[in-house]
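**Q** Build me a structure from this.
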Amino acid sequence: MEQIYTTHINEHFGRAAAERSCGCPVCSLYRMLEENEIELILGASMMEPDVRIKTNAQGFCDIHGRMMFTRKNRLGMALTLESHLDQLRREVDDKPLVVAGFPARSRIAELESDCYICRRIDRNFAHLIENIIYVWSVDPKFREKFSQQPYFCLPHWRAMLQTAKEKLPKKQSGDFAAAAKKVVLPYFDSLREDISWFCKKFDYRYADEPWGNSKDSVERALKFLRGDMHRQDGGQKQ
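**A** Numbers count the residues shown, from 1 in each chain. Sure thing, here's the model as predicted:
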């Protein structure tokens, strides 16, 4: 495996181990990659011809379009969108003799499932997951840090299990799966209890009972089930 991202992996896992409110460390790493890509596309790479060719062809998904919009460089975004719109306008009307509407429908359908930033993140994120597995396999100190995580969200738990199965020997893959399970299942059980208590608090019989850890259990359950990769501030640094 290519050994990249190891410093970032140790930093994010260390932070989550020290402060459990950080949540899933893999979500945090994803946000780091996303932040990097947003800064790049609105910075120096914006005017690179090879990048412009790709952004013209792929466009941006709704999430990343909105994240870009919240940044200060709206001129950079406008320039990128200008050339994207110019190319798209030509493409949706480049075959006037074909049955009306077909080229437009097919091209728009492509755009609806494509995004330049998503593609970049997906490729880099796959390498990052591989490196989490690699560091765990060779570094006993990281294995200890891994065991101290507050939880892993379900999508990233699955991704790590899949990569471990593909990249590690069978025995080591099984050991990794067991280590990850010891992190996930206790949190899973405590979250279920918090959600159940949250529901009971709406019963008058429990109105005077303390909330305990249940007040934010709905938000935490959503993050656990689907991941916490996009912050509500639109991805801006805090």
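**Q** Test my guess that residue 150 contacts residue 18.
**A** No. Applying Cβ atoms under 8 Å, one finds residue 150 not in contact with residue 18, separated by 10.2 Å. In this view, the C-beta of every residue, glycine as well, is placed from N, C-alpha and C.
**Q** If you count surrounding residues, which of the two has more?
**A** A count of neighbours by other Cβ atoms under 10 Å puts residue 150 above the other of residue 150 and residue 18, at 16 against 10.
**Q** residue contacts, that one?
**A** Taking Cβ atoms under 8 Å, 6 or more residues apart in numbering, we find residue 150 in contact with 16-17, 20-24, 187.
**Q** would CSV of those residues with distance to residue 107 and secondary structure be doable?
**A** Output for those, formatted as CSV (distance: Cβ to Cβ, whole Å; DSSP: H, G, I helix; E, B strand; the rest coil):
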residue, distance to residue 107, secondary structure
16, 42, helix
17, 47, helix
20, 47, helix
21, 44, helix
22, 42, helix
23, 39, coil
24, 37, coil
187, 44, helix
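**Q** Now list the buried members of those residues.
**A** Buried subset of those (neighbour count, 16 or more other Cβ atoms under 10 Å): 16-17, 22-24, 187.
**Q** Going by distance to residue 137, which of those wins?
**A** Residue 137 lies nearest to residue 17 out of the buried ones among the contacts of residue 150, by Cβ to Cβ, at 18.6 Å.
**Q** If we ignore the residues flanking it in sequence, what's nearest the closest one?
**A** Nearest in space to residue 17, with sequence neighbours left out and distances taken as Cβ to Cβ, 6 or more residues apart in numbering, is residue 148 at 4.0 Å.
**Q** For burial, what's the neighbour tally of residue 125?
**A** 20.
**Q** As a check, name the ranges of all helices in the chain.
**A** With helices called from DSSP state H, the chain shows them at 6-18, 25-41, 49-58, 62-69, 74-91, 102-112, 116-138, 140-147, 154-167, 170-200, 217-226.
**Q** I'm done for today, thanks for sticking with me.
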